[in-house]
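In: Fold the following and give me the result.
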Amino acid sequence: MTFDSAGMDSALDALGAVLEARGHAYEIASVGGSSLLLLGLTTRATNDLDVVALVQNGRYATAEPLPDALVEAVRDVGDALGLGERWLNSGPTDLLRLGLPDGFAERAVRRGYGSLVLHVASRLDQIHLKLYASVDQGPRSKHVADLRLLSPTRDELLAAARWTRQHDPSDPFREELVKALHYFGVEDGADHI
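Out: Numbers count the residues shown, from 1 in each chain. Got it, this is the predicted structure:
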């Protein structure tokens, strides 16, 4: 099943209600297409909510593994709504180990769903992450289309490019990054990364 914005909100409302009924509360941080949907920055349907971190005592921590009570609630909501058990997943939590863009937590948009608080990656942070994914997965990936929808400025792209180089300093990645910057209109990108 794929989600639109209303569908994602409904699933998160249900998850928050289940957690509350069971006496659990969690804060999580999300990235990706579902986060773009929740912020109203895209209308492209998505299959899941990508969790990059658990928020514990105001600090971001790895989401791998997700707490058992959260996994059970996600599974139960998925079964009830026909979403499957991986509609909320911690796939991108490795980004936390590599380092999120500076200021990510402060820029995140907080949304409450009962006993669930979601920290949604901001537009600027999505630009960073989508540029990285665009270079990593190529010019025909959904990430290029998502990045185009975000209408990044030259300065935003260059800041994002410098951040991506912290994750992959290899020469082949740099070559692809320069091509991606050029594709988005930053023709002198090689001089700034």
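In: okay, now the domains of this protein?
Out: 5-121, 124-191 (automatic domain parsing).
In: any chance of those in CSV, plus mean neighbour count?
Out: Every residue, glycine included, has its C-beta placed from N, CA and C. As requested, the domains of the chain are exported to CSV (neighbours: other CB atoms under 10 Å):
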stretch, mean neighbour count
domain 5-121, 18
domain 124-191, 18
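In: can you list those in a markdown table and add mean pLDDT?
Out: Shown next, in a markdown table, are the domains of the chain (pLDDT from 0 to 100):
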| stretch | mean pLDDT |
| --- | --- |
| domain 5-121 | 94 |
| domain 124-191 | 93 |
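In: Could I get the full set of strands for this protein?
Out: Along the chain, counting by DSSP state E, strands occupy 26-31, 49-56, 59-61, 88-89, 109-113, 116-120.
In: Need those strands in a markdown table (columns: distance to residue 70).
Out: Listed next are the strands of the chain as a markdown table, based on distance: least, CB to CB, whole Å:
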| stretch | distance to residue 70 |
| --- | --- |
| strand 26-31 | 5 |
| strand 49-56 | 9 |
| strand 59-61 | 13 |
| strand 88-89 | 8 |
| strand 109-113 | 13 |
| strand 116-120 | 9 |
